[in-house]
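Novice: predicted coordinates and the sequence they were generated for:
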Amino acid sequence: MSALKKLGINSSKIKANENENLSEAQKQTQESFGFKWHKRDTYNSDAVKSKAKSWLLERYCDNQPEKLNEWLGDEEKIVLDAGCGAGFSAELLFGEYLKNNHYLGVDISDSVYTAAKRFQEIGYPGDFLQRDLTDLPIPNESVDIIFSEGVLHHTDSTENSIQYLATKLKTGGRFLFYVYAKKAVIREFTDDYIRERLKNLSNEEAWQMLKPITQLGITLGNLNIEIDVPEDISLLGIPKGKHNLQRFFYWYICKMFYRPEFSLEEMNHINFDWFRPLNCHRHTKEEIMKFCHNANLEIEHLNVQESGITVVARKANPNISQ
C-alpha cells in the first residue's frame, strides 16, 4: 500500500499550492530549488553521493547505521520527507529501508517530478506531492517519521514549520531535521550581501555569477596551506590556532565550497544551494532547543557543527508534562 493510501489521501484531488499564496521570498526559493534539483549531473556522481551519505550517517546516527534499523526495521512506518527535493538525502540515509516502509516526499518546488523519476530508476517505492510543507493534506498524528534535511530554514519561519510539522507526527514518532547555524560576523555579512546581489538575476545567471567564487575556493584549496591566528578575534568570531587557508575563508569570510574529488559544477551546485534562496535563516543551538520544546518534541540526539544543527527528536505524550 502506498503512503497516500495509508494516509487515506486521494492524490488526484490535491492541487499544488498556488504561487499567489506564497510570500515573495518563498516563491523565489521555490523556483531556485526546482532549478537546482533538475541539474542532476551536479549531484549524481559517486563522489558526491559518498560524501553526502557519510555526513548524513555522522550527524543523524553518530556513525552507527544500526540506528536506522531501530527506526525503520520493525513494522512498516509512514515516512514524510518534508522538503524532499530530488529525494537525494532520503535515498542516501534510509536506502533499502525505503522498500519496506511507506515514503511520502513533499516539496514546494517541481523537484518532486525529478524525485519520482529518480526513485523509479533505483527501484524505490514512494509517493510525491508538490506542496508547501506548512500546508499539507495529511491528518494530524498520522506520520511515524518526519525527515527534513536542510529545508526548514528555507521556509518563512523555521519555528512555525517545526511547530506545524510536529502536529502531523504520532506520539512517540521521530522528527529528524537539519538547519543552518549562525556563522562568524564577516561570513554572515558576505553571505547576505551576495544573496542580495543575486536576487534580481535569473537562476542560470546566478549559477554563472557564482562560478568565480567557486573557482577561488578551488584555488585556495589547491594551495593546501595553513595560517596561524595568534589569538582569538572575538569581535569577528574567529578562533585562534592553525587553519587551512581555504577553510579559514570558508568559515569566516565567504562560503566557497571545496572538495578535491568534486567537479567545478558539483561544487557550484553547493554554493548555489547556499547563496541563491532568499529564505535562508540561521539559528543557534538554544533557539532550536526552544523550538523543539515548544512543539512538544523531546530531543534524543543533537549534533552541533559549524555548518549547522542536526536533531533527532521524539514527540512527547501531550498528557505528560515535560
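Specialist: Ah, there it is.

Novice: from now on I want contacts and neighbour counts done on CA atoms only, so please keep to that.
Specialist: Noted.

Novice: can you give me how far the longest strand anywhere in the chain is from the chain middle?
Specialist: If you go by DSSP state E, the chain has its longest strand at strand 169-180. Relative to the chain's own centre, strand 169-180 is displaced by 13 Å; criterion: CA atoms, centre = their mean, to the nearest Å.

Novice: in stretch 306-322, what's buried?
Specialist: G308, I309, T310, V311, V312, A313, R314, K315, A316 (16 or more other CA atoms under 10 Å).

Novice: can you tell me the SS state at the closest residue to V48 other than its chain neighbours?
Specialist: By the measure of CA to CA, 6 or more residues apart in numbering, the closest residue to V48 outside its immediate chain neighbours is F262, 6.9 Å from it. Reduced to three states with DSSP: H, G, I helix; E, B strand; the rest coil, the structure at F262 is coil.

Novice: F262 is in contact with K49, isn't it?
Specialist: No. Taking CA atoms under 8 Å as the definition, F262 is not a contact partner of K49, at 10.6 Å.

Novice: who's more crowded, the two?
Specialist: F262 (19 against 16; other CA atoms under 10 Å).

Novice: roughly how far does the more buried one sit from W274?
Specialist: Using CA to CA, to the nearest Å, we find F262 at a distance of 17 Å from W274.

Novice: swap in I225?
Specialist: When distances are taken as CA to CA, I225 and W274 turn out to be 25 Å apart.

Novice: do T114 as well
Specialist: The spacing between T114 and W274, counted by CA to CA, is 20 Å.

Novice: which residues of the protein fall in helices?
Specialist: Counting by DSSP state H, the chain forms helices over residues 3-6, 24-38, 46-61, 66-72, 88-94, 111-122, 158-168, 185-198, 203-223, 245-252, 264-275, 285-294, given from the N-terminal end onward.

Novice: can I get those in CSV including distance to G237 and mean pLDDT?
Specialist: CSV is the format used below for the helices of the chain (distance: least, CA to CA, whole Å; pLDDT from 0 to 100):
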stretch, distance to G237, mean pLDDT
helix 3-6, 46, 89
helix 24-38, 29, 96
helix 46-61, 24, 98
helix 66-72, 35, 95
helix 88-94, 31, 98
helix 111-122, 37, 97
helix 158-168, 24, 98
helix 185-198, 6, 97
helix 203-223, 21, 98
helix 245-252, 8, 98
helix 264-275, 20, 98
helix 285-294, 16, 98
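
Novice: closest one to I138 among those helices?
Specialist: Judged by CA to CA, the one of these that comes nearest to I138 is helix 158-168, at 6.9 Å.

Novice: how about the closest one: buried residues?
Specialist: Buried residues in helix 158-168, defined by neighbour count with 16+ other CA under 10 Å: T158, E159, S161, I162, Q163, Y164, L165, A166, T167, K168.

Novice: also stretch 140-156?
Specialist: Buried positions in stretch 140-156, judged by neighbour count with 16+ other CA under 10 Å: 141-156.

Novice: next one: stretch 90-107
Specialist: For stretch 90-107, the neighbour count (16+ other CA under 10 Å) marks 90-94, 97-98, 101-107 as buried.

Novice: would you mind measuring the gap between the ends of it?
Specialist: Criterion CA to CA; first-to-last residue distance in stretch 90-107 is 13 Å.

Novice: how far is it from where the chain is centred?
Specialist: Per CA atoms, centre = their mean, the displacement of stretch 90-107 from the mean C-alpha position of its chain is 15 Å.

Novice: hang on, R118 packs against A86?
Specialist: Yes. At 7.4 Å, R118 counts as touching A86 under the criterion of CA under 8 Å.

Novice: state the pLDDT value of M1.
Specialist: Here the pLDDT value assigned to M1 is 61.

Novice: give me phi/psi at N101?
Specialist: Here the main-chain torsion angles of N101 (degrees, to the nearest 10) amount to phi -130, psi 180.

Novice: please report how far it lies from L22.
Specialist: The spacing between N101 and L22, counted by CA to CA, is 32 Å.

Novice: just to revisit the earlier point, mind putting the helices of the chain into JSON lines with distance to L236?
Specialist: JSON lines is the format used below for these (distance: least, CA to CA, whole Å):
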{"stretch": "helix 3-6", "distance to L236": "48"}
{"stretch": "helix 24-38", "distance to L236": "29"}
{"stretch": "helix 46-61", "distance to L236": "27"}
{"stretch": "helix 66-72", "distance to L236": "39"}
{"stretch": "helix 88-94", "distance to L236": "33"}
{"stretch": "helix 111-122", "distance to L236": "38"}
{"stretch": "helix 158-168", "distance to L236": "26"}
{"stretch": "helix 185-198", "distance to L236": "5"}
{"stretch": "helix 203-223", "distance to L236": "21"}
{"stretch": "helix 245-252", "distance to L236": "8"}
{"stretch": "helix 264-275", "distance to L236": "21"}
{"stretch": "helix 285-294", "distance to L236": "19"}
